[in-house]
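>>> I'd like to go over a predicted model; first the sequence, then the structure.
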Amino acid sequence: MYTWLIAIPVTLLLLWLAWRRPNRQRLALRLVASVVAGISLVLLVFPPVTEQAINPSAAILLTEGYNQDTLEAILKKQDAKPIVYTLHADADEAIPLTNLYTLRQQQPGLQTVHLLGYGLEEQELKALTDVQLVPHLSEMPAGVNTVQWPEAVKLGEAVTIAGKYKSEGQAKLYLQAAGQLRDSVEIKPDSSYTFSLRNTPKLTGRFVYTLLAKTGANTDTLGQVPVQVAEQQQLSILLLASAPSFEFKFLKNHLGEQQHKIAYRTTVSKNINQSEWVNMIKTDLSRISPKLLQNFDVVITEPQALQSMSASERAALQRAVTEDGLGVLTVATEPANNRSASFFTNFQSKRISQQDTRSTRANWSGSEVSINASPYTLVNTTAVNSLISEQGNNLLAGAKKAGWGKVAMSYIPQTFPWQLEGKDDVYASYWATILSAIAREQVKEKFWQLEKPQVPHPDKPVILSYTDHTLLAGVAAPTSTVTSLTDSVSISLPLEQNIHQPSTYNGTFWPRNSGWHKVETANSEPYFFYVQEQSDWEFQSIAERKAATEAFAAQQNTTADEVTVAYREEPVSLIWFFVLFVLSSGFLWLEEKL
């Protein structure tokens, strides 16, 4: 009101000056320009404001990855506009926040928050405990959406990195190890692709591979793949052959060179057996007894050898599997019809060739080679774990659980030709895969585990658990330390006993830098884990925030009260008044000179 009281005399003065000029040309334009100049000058000095209806009980919070269209859609639905804030994201005309406690201070009556973007971390959400959270989360961005790899492998086994990659354009993924590209896969544009990259380590130790993505001329590092390669478990293996064969002879020699303990029994004629021992003391192999089987982790045999056993020997072998965790592999050329050995050979099979042998491509943990197999194949069912596969979703070798142990069957009767052809690595990888899958599992009484996250990052909590089945009730929690192998700095890690599992203790560690770390406690093996760079595996941080936000919203039981409307004064932009004043005053000055 006061603005117009000032504008009226200023405008009248300008009108009088324009009217009193003797030159009556362009009088109308001078009068209009005088009105515009007077009003715009006053509005520049005393800028006007508009009242905007706002909802003080609601707010919109923008986080990383928010969608502008979603924001505009929410604002259109609101009669009283919520105030828009931003946290960890850049946005025009939004109030930036350093933390959510600042939000609560700025809006004490806050009841509802519309959350856009990828969401908030679990710790940040605690500031919104008594606020109704309405998530409007964005989809995962292009790139890796999920990824997994084995924490540790045995020497000879392949490291397989598998996951899903969402692409917007042509892309290619590379696995780099020791500075060289080991495997790659192409990703088609606008697709979600399940990828699998492999590499077989040649040495034991701790290694860090790198997954790269090439899109156009750009090559980006997606993340690191830490792998620990250990020596093959030294197994005690019993070979039971129905007759002398090159297959068992070569296998005995190979496993002996790998420092496994080998006992070999073969039937040379009726009621006459021949026995050999490698890397172990001689034991009586004439009769398969429970006492004998306690000394072995794996038994490799044939259907004919199983059938030639007495009923008590087969019963002892079966109990060793179901009760003691023994693994038994039966190498066959055709399905075994003898019911007496059905416990070991009861696999669903089908014939796919009328020839006695056939050539096929065998696949296992990153290897694919040609081999002569029997005309039969195992049917891939949910109960059977694939060991060696071929095309058509068929299995050349598979295993299934049987009590505490495993029974397996293979339709690859001859693998020794690989050694004759000089393919020693293929031969070693094949048998390492078979043995590691079926061997008696070693029971650990004390061990560490990385509970979460899958990919640790600096300055983010890492949950470690320690299990000790030997601790007695009432004993104080063990002491432990975490050491960064990068700078050799060690800190104490306090452990808290798990209420539901008294033998398990949990500790939270906040790493300060990336690289390998070691956690250890007295009288147990140290545990190694790798902390990634902040920029590695960005998808995990996004997925964790989305999951935490959705879980937080699902568990809420708060409801918002009736919406109250308040009004906020918004100043009108001065740029328009400045432009009008310059144009009108410029016209008056120029017109007078003409």
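Looks like it came in fine. Numbers count the residues shown, from 1 in each chain.
>>> alpha carbons only for contacts and neighbour counts from here, please
OK.
>>> Next, the buried residues of stretch 453-470.
By 16 or more other CA atoms under 10 Å, the buried positions in stretch 453-470 come out as 455-458, 462-468.
>>> Could you do stretch 514-522 as well?
Under 16+ other CA under 10 Å, the buried positions of stretch 514-522 are 514-521.
>>> Need these in CSV (columns: secondary structure and pLDDT).
Output for the buried residues of stretch 514-522, formatted as CSV (DSSP: H, G, I helix; E, B strand; the rest coil; pLDDT from 0 to 100):
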residue, secondary structure, pLDDT
514, coil, 94
515, strand, 95
516, strand, 96
517, strand, 96
518, strand, 96
519, strand, 95
520, strand, 94
521, strand, 93
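>>> Take these and lay them out in a markdown table including distance to residue 187.
Converted to a markdown table, the buried residues of stretch 514-522 look like this (distance: CA to CA, whole Å):
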| residue | distance to residue 187 |
| --- | --- |
| 514 | 30 |
| 515 | 30 |
| 516 | 31 |
| 517 | 34 |
| 518 | 37 |
| 519 | 39 |
| 520 | 42 |
| 521 | 45 |
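>>> So which of the buried residues of stretch 453-470 belong to strands?
Using DSSP state E, the subset of the buried residues of stretch 453-470 located in strands is 462-468.
>>> who's residue 372 bridged to?
residue 359 (DSSP bridges).
>>> That one: neighbour count?
For residue 372, the count of nearby residues is 17 (other CA atoms under 10 Å).
>>> I'd guessed it sits against residue 416; true?
No: if you go by CA atoms under 8 Å, residue 372 and residue 416 don't touch, sitting 10.9 Å apart.
>>> need the strands for the stretch 1-150 of the chain, in chain order.
49-62, 81-86, 95-96, 112-117, 132-137, 143-148 (DSSP state E, counting those that start in this stretch).
>>> Let me have those strands in JSON lines, adding distance to residue 192 and mean neighbour count as columns.
Shown next, in JSON lines, are the strands of the stretch 1-150 of the chain (distance: least, CA to CA, whole Å; neighbours: other CA atoms under 10 Å):
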{"stretch": "strand 49-62", "distance to residue 192": "27", "mean neighbour count": "19"}
{"stretch": "strand 81-86", "distance to residue 192": "30", "mean neighbour count": "21"}
{"stretch": "strand 95-96", "distance to residue 192": "35", "mean neighbour count": "17"}
{"stretch": "strand 112-117", "distance to residue 192": "21", "mean neighbour count": "22"}
{"stretch": "strand 132-137", "distance to residue 192": "19", "mean neighbour count": "20"}
{"stretch": "strand 143-148", "distance to residue 192": "9", "mean neighbour count": "18"}
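>>> among these, which is nearest residue 343?
Closest to residue 343 of those is strand 143-148 (CA to CA; 34.8 Å).
>>> mind listing what residue 537 touches?
Taking CA atoms under 8 Å, 6 or more residues apart in numbering as the criterion, residue 537 is in contact with 144, 222-223, 455.
>>> Nearest to residue 297, out of those residues: which one, please.
residue 455 (33.9 Å).
>>> Phi and psi next, for the closest one.
phi -120, psi 100 (degrees, to the nearest 10).
>>> Distance-wise, check it relative to residue 176.
Counting by CA to CA, to the nearest Å, the gap between residue 455 and residue 176 amounts to 18 Å.
>>> next helix or strand past the lowest-mean-pLDDT helix or strand in the chain?
Sorting the helices and strands of the chain by mean pLDDT, DSSP states H and E puts strand 566-571 at the bottom, at a mean of 59. Sequence-wise, the next helix or strand beyond strand 566-571 is helix 575-593, with elements assigned using DSSP states H and E.
>>> Now do the same for that following helix: mean pLDDT, whole number.
Averaging pLDDT along helix 575-593 gives 72.
>>> what do you get for stretch 333-342?
85.
>>> residues of that stretch that come out buried?
Buried-residue list, stretch 333-342, by 16+ other CA under 10 Å: 333-336, 340-341.
>>> From the residues you listed, pick the one nearest residue 368.
residue 333 (21.1 Å).
>>> Tell me which residues touch that closest one, please.
374-376, 411-413.
>>> Out of the residues you listed, grab the one that's most surrounded.
Result: residue 376 is most packed of the contacts of residue 333 (other CA under 10 Å), 26 neighbours.
>>> so what's the nearest residue to that one once chain neighbours are set aside up against?
Distances taken as CA to CA, 6 or more residues apart in numbering put residue 351 closest to residue 376, at 4.3 Å, once the chain neighbours are dropped. Each residue near residue 351 by CA under 8 Å, 6+ apart is listed here: 375-377.
>>> Looking at these, which one is closest to residue 64?
residue 377 (51.8 Å).
>>> So that closest one versus residue 406, what's the distance?
For residue 377 relative to residue 406 (CA to CA), the value is 19 Å.
>>> Pull out the buried residues from stretch 272-291.
Neighbour-count burial for stretch 272-291 flags 275, 277-278, 285, 288-290 (criterion: 16+ other CA under 10 Å).
>>> What about the residues you listed, which are in strands?
275, 277-278.
>>> CA atoms only for stretch 97-114, dumped as PDB, please.
This file holds the C-alpha atoms of stretch 97-114, laid out as PDB (Å, rounded to 0.1, in the frame of the first residue of the first chain):
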ATOM      1  CA  LEU A  97      21.100 -29.400   4.500                       C
ATOM      2  CA  THR A  98      24.300 -30.700   6.200                       C
ATOM      3  CA  ASN A  99      22.300 -33.300   8.200                       C
ATOM      4  CA  LEU A 100      18.700 -34.200   9.000                       C
ATOM      5  CA  TYR A 101      18.800 -32.800  12.500                       C
ATOM      6  CA  THR A 102      19.000 -29.300  10.900                       C
ATOM      7  CA  LEU A 103      15.800 -30.100   9.000                       C
ATOM      8  CA  ARG A 104      14.000 -30.800  12.300                       C
ATOM      9  CA  GLN A 105      15.300 -27.500  13.700                       C
ATOM     10  CA  GLN A 106      14.000 -25.600  10.700                       C
ATOM     11  CA  GLN A 107      10.600 -27.200  10.700                       C
ATOM     12  CA  PRO A 108       9.700 -28.100  14.300                       C
ATOM     13  CA  GLY A 109       6.200 -29.200  13.200                       C
ATOM     14  CA  LEU A 110       7.400 -31.600  10.500                       C
ATOM     15  CA  GLN A 111       5.200 -34.600  10.200                       C
ATOM     16  CA  THR A 112       5.700 -35.900   6.600                       C
ATOM     17  CA  VAL A 113       8.800 -36.100   4.400                       C
ATOM     18  CA  HIS A 114       8.600 -37.000   0.700                       C
END
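>>> Pull the distance from it to the chain's centre.
Counting by CA atoms, centre = their mean, to the nearest Å, stretch 97-114 is centred 33 Å from the centre of its parent chain.
>>> Next: stretch 405-423.
Relative to its parent chain, stretch 405-423 has a centroid offset of 34 Å by CA atoms, centre = their mean.
>>> From start to finish, how long is that stretch in a straight line?
31 Å.
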